[in-house]
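> need the 3D shape of this:
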Amino acid sequence: MVKYKVEVDLKTCVSTKACYATDRMHFQSGKNQQSNVIGGQTDESKSTNVFDDNQMADAREAAKSCPVSAITVMQQ
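Predicted structure coming up:
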(Lines give C-alpha, C1' and ligand atoms only; values in the text may rest on other atoms or scores of the structure.)
Protein backbone atom coordinates (compact mmCIF):
# COMPACT_ATOMS: atom_id res chain seq x y z
CA MET A 1 0.00 0.00 0.00
CA VAL A 2 1.09 3.54 -0.77
CA LYS A 3 -0.07 6.72 0.95
CA TYR A 4 -0.57 9.63 -1.45
CA LYS A 5 -2.38 12.95 -1.73
CA VAL A 6 -4.59 13.91 -4.67
CA GLU A 7 -5.43 17.58 -5.17
CA VAL A 8 -7.47 19.46 -7.77
CA ASP A 9 -6.84 23.19 -8.17
CA LEU A 10 -10.39 24.42 -8.73
CA LYS A 11 -9.21 27.83 -9.90
CA THR A 12 -7.46 26.09 -12.80
CA CYS A 13 -10.00 23.31 -13.54
CA VAL A 14 -12.00 23.95 -16.72
CA SER A 15 -14.45 21.05 -16.32
CA THR A 16 -13.41 18.86 -19.24
CA LYS A 17 -14.36 15.76 -17.22
CA ALA A 18 -11.24 13.95 -18.47
CA CYS A 19 -10.10 13.01 -14.95
CA TYR A 20 -13.27 11.28 -13.84
CA ALA A 21 -13.72 9.70 -17.25
CA THR A 22 -10.25 8.21 -16.70
CA ASP A 23 -10.46 7.45 -12.95
CA ARG A 24 -13.82 7.21 -11.19
CA MET A 25 -12.19 5.83 -8.04
CA HIS A 26 -10.63 9.20 -7.14
CA PHE A 27 -12.67 11.84 -9.01
CA GLN A 28 -16.28 12.87 -9.43
CA SER A 29 -18.20 15.81 -10.79
CA GLY A 30 -18.78 18.53 -8.22
CA LYS A 31 -20.06 22.07 -8.09
CA ASN A 32 -20.12 23.74 -11.52
CA GLN A 33 -19.20 20.35 -13.01
CA GLN A 34 -15.62 20.77 -11.77
CA SER A 35 -13.72 17.77 -10.54
CA ASN A 36 -13.82 16.89 -6.86
CA VAL A 37 -11.65 14.32 -5.12
CA ILE A 38 -13.94 11.62 -3.75
CA GLY A 39 -14.22 11.60 0.04
CA GLY A 40 -12.06 14.66 0.41
CA GLN A 41 -12.21 18.25 1.57
CA THR A 42 -13.41 20.80 -0.98
CA ASP A 43 -13.45 24.57 -0.71
CA GLU A 44 -13.52 27.39 -3.28
CA SER A 45 -9.92 26.87 -4.38
CA LYS A 46 -9.18 23.15 -4.11
CA SER A 47 -10.42 19.63 -3.54
CA THR A 48 -8.06 17.22 -1.80
CA ASN A 49 -7.85 13.85 -0.08
CA VAL A 50 -5.20 11.41 1.13
CA PHE A 51 -5.47 7.78 0.04
CA ASP A 52 -3.68 4.70 1.33
CA ASP A 53 -4.07 2.00 -1.32
CA ASN A 54 -2.49 0.63 -4.50
CA GLN A 55 -4.29 2.96 -6.94
CA MET A 56 -1.83 5.86 -7.19
CA ALA A 57 -1.00 4.98 -10.82
CA ASP A 58 -4.67 5.47 -11.75
CA ALA A 59 -4.71 8.90 -10.10
CA ARG A 60 -1.53 9.84 -11.96
CA GLU A 61 -3.07 8.78 -15.28
CA ALA A 62 -6.05 11.00 -14.54
CA ALA A 63 -3.69 13.88 -13.71
CA LYS A 64 -1.96 13.38 -17.07
CA SER A 65 -5.34 13.52 -18.81
CA CYS A 66 -6.06 17.02 -17.47
CA PRO A 67 -5.47 19.50 -20.30
CA VAL A 68 -4.76 22.37 -17.88
CA SER A 69 -2.66 20.43 -15.33
CA ALA A 70 -5.06 21.18 -12.47
CA ILE A 71 -4.37 17.86 -10.69
CA THR A 72 -1.40 16.92 -8.53
CA VAL A 73 -0.67 13.49 -7.08
CA MET A 74 2.03 13.34 -4.42
CA GLN A 75 3.31 10.36 -2.47
CA GLN A 76 3.25 11.09 1.27
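> those strands in this structure, which residues are they?
Counting by DSSP state E, the chain has strands at residues 2-9, 27-29, 35-37, 41-42, 46-53, 71-75.
> any idea which of these is most buried?
Compared across those, strand 35-37 shows the largest average neighbour count, a mean of 25 (mean count of other CB atoms under 10 Å). For glycine as for every other residue, the C-beta is placed from the backbone atoms N, C-alpha and C.
> okay, the strands of the chain in TSV with distance to S65 next?
Converted to TSV, those look like this (distance: least, CB to CB, whole Å):
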stretch	distance to S65
strand 2-9	12
strand 27-29	10
strand 35-37	11
strand 41-42	20
strand 46-53	16
strand 71-75	8
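> can you tell me which residues contact D53?
1-2 (CB atoms under 8 Å, 6 or more residues apart in numbering).
> make it 6 Å
M1 (CB atoms under 6 Å, 6 or more residues apart in numbering).
> quickly note the distance from it to G39.
12 Å (CB to CB, to the nearest Å).
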